[in-house]
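Enquirer: fold the stuff below for me.
(2 chains)
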Amino acid sequence: MPANTSSKVRVRFAPSPTGELHVGNIRTALFDWAYARHTGGTFIFRIEDTDTERVTPEYIQAAINTLKWLGLDWDEGPEVGGENGPYLQSQRLDIYAEWAAKFLEQGDAYHCYCSSEELEAVREAQRAANVAPGYNGHCRELTPQEIAAYLSEGRKPVVRMRMPDGSTTFTDLIRGEVTFEHKFVPDFVLARNDGSPLYTLAVAVDDVLMKVTHVLRGEDLLSSTPRQLRVYDAMGVKAADYPLFAHLPFVMGQDNAKLSKRNGETSIAWYRDAGYLPEAICNYLALLGWSPGEDRENVTMKELTELFTVERVHSSPARFDMKKLEAINGDKIRALSLEDFFTWAMPFMRKAGTVTGTDEEVALIKKALPIIQERIVTLGEIPALLNFLFVKDFVIAADSVEKIADEQSKKVLQISAERLSTLTEWNHESIEAVLRSALIEELGLKPRIAFSALRIAVTGSHISPPLFESMELLGAAKSLARIRGAL
RNA sequence: GGCCCCGUCGUCUAGCGGCCUAGGACUCUGGCUUCUCAAGUCAGCUACGAGGGUUCGAAUCCCUUCGGGGCUACCA
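Expert: This next block holds a predicted model:
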């Protein structure tokens, strides 16, 4: 039944920014974007801000920033414009009003004078009687007298869509054929009594006007699809021209409930601040409900666009697993060029107050990054690992001080200081050579014992980057001073 | 309650009637490597929700059942 396969693909991501975009939203955006890029189509970004109670300008801006940060660039939408704009529904109110009026005129919709209280009472009764709740059609066929009576009471009507008898069947690209009997799809409201549109009206009108060919969205919207199709029909769109639907499975939290603050971090801002790379987030999210097959997992953004197809999207929900995200983030960090790694690392060093960004600091950071690149999972771990190189008032961590208080440690430090001070060339090879000869060969100590004391004395912690490289970077003067200071 | 969707290792998944005594990844456990932590590497643990069919043959098709989720708004 569906056409549109021959025309150019146009997909949209249309969030309702009633809060920060969360992981689930982003997964949807990612799939929308990947599908558009895969097909060489157009990616439209539209803001559904018809819920004026909950949507705020701040959230809208945050959504824009999040998509940008992730690298999900759009071809039409806020900031870039496009010939089918505006892309904020709040700026399209007159369009919806026109269509609502047209539906009224055509008899597809009607004025409903029922108050919220009356509606609630009806639902209450339906629940009590154990019948399917929903609008009972009270205002479907009002007489002019009844209307006049309502009007004289000061009632202002909403616009309600008439659902005809019968059923709606459509093919979901992920789930196959889905049918809804209209007796379970009650007449629904298109516009509030102040004339403002509801999601059901705006989404359908915009998808048609913006020539959207594929609707990839969360599965929570699956059961609203018959209503959307009903609006298309009223708009005079032929069934063959309806967009194709693909309802994406949910992203769940650890406790098998929809992901929320309670069971996992949901805001992308949190992941950004913790030091996750956009590519890692996208790669991981892509794996939630989709798979490239062939035992592949690690894909770049480019590969994602090449490999992504709706056919490979799952129909079952996926649980968000922080551990796996961390693993992928670590992989992505290790794959970074030194140049890129530095660019990502610098803001974290600054923010932590580890450095201010002087030329000397920058030079040292660039030399130090290679030795920590494979030992971190998030960028946020960088400052703690490199802090010993920049710290002004060096102190040994409390839990490590006692570990070098014994005689043997003292001896190790004493001898190390003596031998190290004779070195003419200060680099990790010469440092290692002289220490091995003094401590391992001459004293016969186990490496892990001998070097542990030095590590603590020099870096202040029993966990650090490789010791000899660390000492080379720290420099002879500071290294020796710290070793002596620990005695 | 009704309607709709979903159900392979703890988690994400491969699988689309025989290649499956079910593969990969993450996690976890153990080994190797090793100056700590990592990284790397080797090995191990663990799954087709259940019950009926169809078929020579089912994780793959059908039915039932159980379980999970969504919707049921003048939210989206």
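Enquirer: what does stretch A:222-232 contact?
Expert: Defining contact as C-beta atoms under 8 Å, 6 or more residues apart in numbering, one finds that stretch A:222-232 is touched by A:161, A:163, A:168, A:170, A:172, A:175, A:178, A:180, A:182, A:185, A:188, A:190, A:199-201, A:203-205, A:207-208, A:242, A:245, A:247. Using the backbone N, CA and C atoms, a C-beta is placed for each residue, glycine as well.
Enquirer: let's go with 6 Å and repeat that
Expert: A:168, A:180, A:185, A:188, A:200, A:204, A:242, A:245, A:247 (C-beta atoms under 6 Å, 6 or more residues apart in numbering).
Enquirer: name the helix or strand for the fifth one, please.
Expert: Read that as residue A:200. Using DSSP states H and E, residue A:200 falls within helix A:199-209.
Enquirer: beyond that helix, next helix or strand please.
Expert: Assigned by DSSP H and E, the successor of helix A:199-209 is strand A:214-218.
Enquirer: per-residue confidence averaged over that following strand?
Expert: In this model, strand A:214-218 carries a mean pLDDT of 96.
Enquirer: show me what that strand is packed up against.
Expert: Strand A:214-218 is packed against helix A:23-39, strand A:244-248, with contacts defined by 3 or more C-beta pairs under 6 Å, 6 or more residues apart in numbering; DSSP states H and E.
Enquirer: which bits of the stretch 351-487 of chain A sit near RNA strand B?
Expert: The stretch 351-487 of chain A has residues A:374-376, A:432, A:447-448, A:451-452, A:455, A:462-469 near RNA strand B, with proximity defined as C-beta under 7 Å from any atom of the strand.
Enquirer: now the residues you listed: which count as buried?
Expert: With burial judged by 16 or more other C-beta atoms under 10 Å, the buried subset of these is A:375, A:376, A:432, A:451, A:452, A:455, A:464, A:465, A:467, A:468, A:469.
Enquirer: need the pLDDT of the most far-flung residue of chain A relative to its centre.
Expert: In terms of distance from the mean C-alpha position of chain A, residue A:442 ranks first, at 56.4 Å (C-alpha atoms, centre = their mean). On the pLDDT scale, residue A:442 is placed at 89.
Enquirer: give me the contacts around stretch A:286-304.
Expert: Under C-beta under 6 Å, 6+ apart, the answer for stretch A:286-304 is A:27, A:34, A:249, A:251, A:279, A:283, A:307, A:312, A:313, A:314, A:318, A:331.
Enquirer: spatially nearest residue to the last one (excluding sequence neighbours)?
Expert: Think residue A:331. Excluding its sequence neighbours, the residue lying closest to residue A:331 (C-beta to C-beta, 6 or more residues apart in numbering) is residue A:298, at 5.8 Å.
Enquirer: got it, and the second one?
Expert: Leaving aside its chain neighbours, residue A:34 sits nearest to residue A:308 (3.9 Å; criterion: C-beta to C-beta, 6+ apart).
Enquirer: what is the neighbour count of that neighbour?
Expert: 23 (other C-beta atoms under 10 Å).
Enquirer: that one contacts residue A:33, doesn't it?
Expert: No: in this structure, residue A:308 is not within contact of residue A:33 by C-beta atoms under 6 Å, at 9.1 Å.
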